[in-house]
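Engineer: Give the three-dimensional model of this entry:
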Amino acid sequence: MVMENILKLAIFGAAALGIEVIFTALAHLKNPKKRNRQKLFGYSSLWYLPIYGLGVPAVLYLLRSPLEGQHWILRGLVYGLFLQVGEFISMGLLHVANGESPSEEEYKASGRSLFGFVRPDFFPAFAVMGLIFEYLYRTLF
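Structural biologist: Coordinates of the predicted model:
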């Protein structure tokens with residue numbers, strides 16, 4: 001049972017990293033300042049694996065009952081908000097632990113971040129990602 005749950009959390013975290021790599025590749029595609037953007041290079045960080053693997057399922061577990069039966073738009077908005085708050089806290093903790101969070105330099109360079117920890121203009125992507133996570137959560141757990 002324990003190994004099964006660890007495997008589920010690892011699958012969840014790896015899927016989330018994959019989603020992030022796809023998102024960053026597509027985000028760079030539309031950024032004219034990025035060199036070689038048409039190569040669709042995406043990125044993530046292994047620091048995010050425990051955040052995605054443990055934190056996101058915990059939030060989904062807590063929100064599952066209050067959001068059950070609600071319209072998908074409302075659920076997406078709530079997930080987006082919680083994911084962005086979670087990103088802000090997680091990136092702040094990684095900044096304290098490592099001197100810089102993995103995406104801090106990139107976020108600060110955009111000029112559209114809060115302290116280099118979160119990008120409010122990515123909120124729609126976080127809302128969609130939350131709905132994808134919800135589906136994955138229902139499938140795995």
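Engineer: what's the helix or strand hosting L136 packed up against?
Structural biologist: Using DSSP states H and E, L136 maps to helix 123-140. Helices and strands touching helix 123-140, by 3 or more CB pairs under 8 Å, 6 or more residues apart in numbering; DSSP states H and E, are helix 2-29, helix 56-67, helix 72-98. Where you see a C-beta, it was placed from the backbone N, CA and C, and this is true even at glycine.
Engineer: What are the contacting residues of stretch 102-114?
Structural biologist: Applying CB atoms under 8 Å, 6 or more residues apart in numbering, the contact partners of stretch 102-114 are 44-45, 47-48, 88, 91, 94-95, 116-121.
Engineer: Ok, stretch 57-67 next?
Structural biologist: 9, 12, 74-75, 78-79, 82-83, 86, 133-134, 137, 141.
Engineer: Please name the residues that touch F133.
Structural biologist: Contact partners of F133, counting by CB under 8 Å, 6+ apart, are F12, A16, V56, L60, Y79.
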